[in-house]
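>>> Sequence first, then the predicted structure, then my questions.
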Amino acid sequence: MEHKVFIEDLTEKAFAPYGKVIDLPAIDPSKVGEGWDCWSYIQMMDVTEPIGFGLVVTKKREFVVTAMERHVSREELLLTFDREIVQPVAKCIDIEDPDEHPDSSTVKCFRIKPGQAVVINRGVWHSPAYPASDDARYLFGIEKKKDKFGDEMINPWVDFAGGRTVRFE
Ligand SMILES: NC(=O)N[C@@H](O)C(=O)O
């Protein structure tokens, strides 16, 4: 069975079950200078170890997801360098269940524009992000430590429950 999902804009409210949003705040900056405005802290990451960064070149392809990964012990920062990307996520049902499969009926796909970022909650299922149109580069940051269920494995991908797929547009 295939679920159809419509891509949605990134808002704090819509993304709340999956994590935190970083975007230009609608309040006055906390620091200003000649030619610059600064807001701090606009978001926090809950970490105990140094953060390692990864870079992904994501290429134009069909908007179909069959499997996801998750990090039950670590939050993950993710932002695009150059172009708009789409980030599919699915709810974490039981963070203590090592045999959980992502549930395709909980999938949402968020548009992340240059200038925006997300911090994905621990345990939240996610696929690699897709380019909204042309090939894109995105950065992720995550604590450099082992995850409780060993998602440092070469193949951390877990199929959707029931072998379902998700097509988004
Ligand atoms: N988000 C992404 O593309 N990758 C990371 O989650 C990772 O752990 O590789």
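Looks like it came in fine. All values derive from a computational prediction rather than experimental measurement.

>>> Sticking with the closest residue to residue 98 other than its chain neighbours, tell me its helix or strand.
Distances taken as C-beta to C-beta, 6 or more residues apart in numbering put residue 149 closest to residue 98, at 4.6 Å, once the chain neighbours are dropped. C-beta here means a position set from N, CA and C on the backbone, and glycine is covered the same way. Using DSSP states H and E, residue 149 maps to neither a helix nor a strand.

>>> confidence score at residue 149?
For residue 149, the pLDDT comes out at 84.

>>> Same question for residue 87.
Predicted confidence (pLDDT) for residue 87: 98.

>>> same check, this time on residue 154
pLDDT recorded at residue 154 is 71.

>>> Is it located within a strand, as I assumed?
No: Residue 154 is assigned coil when assessed by DSSP: H, G, I helix; E, B strand; the rest coil, not a strand.

>>> how much space between it and the ligand?
Residue 154 sits 11 Å away from the ligand, going by C-beta to the nearest ligand atom, to the nearest Å.

>>> The helix or strand hosting residue 111 vs the ligand: in contact?
Per DSSP H and E, residue 111 falls inside strand 108-112. No: Strand 108-112 lies out of reach of the ligand by C-beta under 6 Å from any ligand atom, never closer than 11.3 Å.

>>> pretty sure residue 47 is touching residue 75, no?
Yes: counting by C-beta atoms under 8 Å, residue 47 touches residue 75, with 7.2 Å between them.

>>> The two - which one has more neighbours?
Neighbours of residue 47 and residue 75, each counted by other C-beta atoms under 10 Å, are more numerous for residue 75; the result is 22 against 15.

>>> Quick check, pLDDT for residue 19.
For residue 19, the pLDDT comes out at 98.

>>> All the helices of this structure, residue numbers only.
In the chain, the segments counted as helices under DSSP state H are 12-15.

>>> pretty sure residue 87 is touching residue 129, no?
Yes: using C-beta under 8 Å, residue 87 is in contact with residue 129, at 4.6 Å.

>>> Need the overlap of contacts for those two.
78, 112 (C-beta atoms under 8 Å, 6 or more residues apart in numbering).

>>> Tell me who's in contact with the closest residue to residue 84 other than its chain neighbours.
Spatially, and ignoring its direct neighbours in sequence, residue 84 is nearest to residue 132 (3.9 Å; C-beta to C-beta, 6+ apart). Neighbour list for residue 132: 7, 83-86, 111 [criterion: C-beta under 8 Å, 6+ apart].

>>> ranking those residues by neighbours, who comes first?
residue 85 (26 neighbours).

>>> what's the distance between that one and residue 60?
11 Å (C-beta to C-beta, to the nearest Å).

>>> No further questions, thank you.
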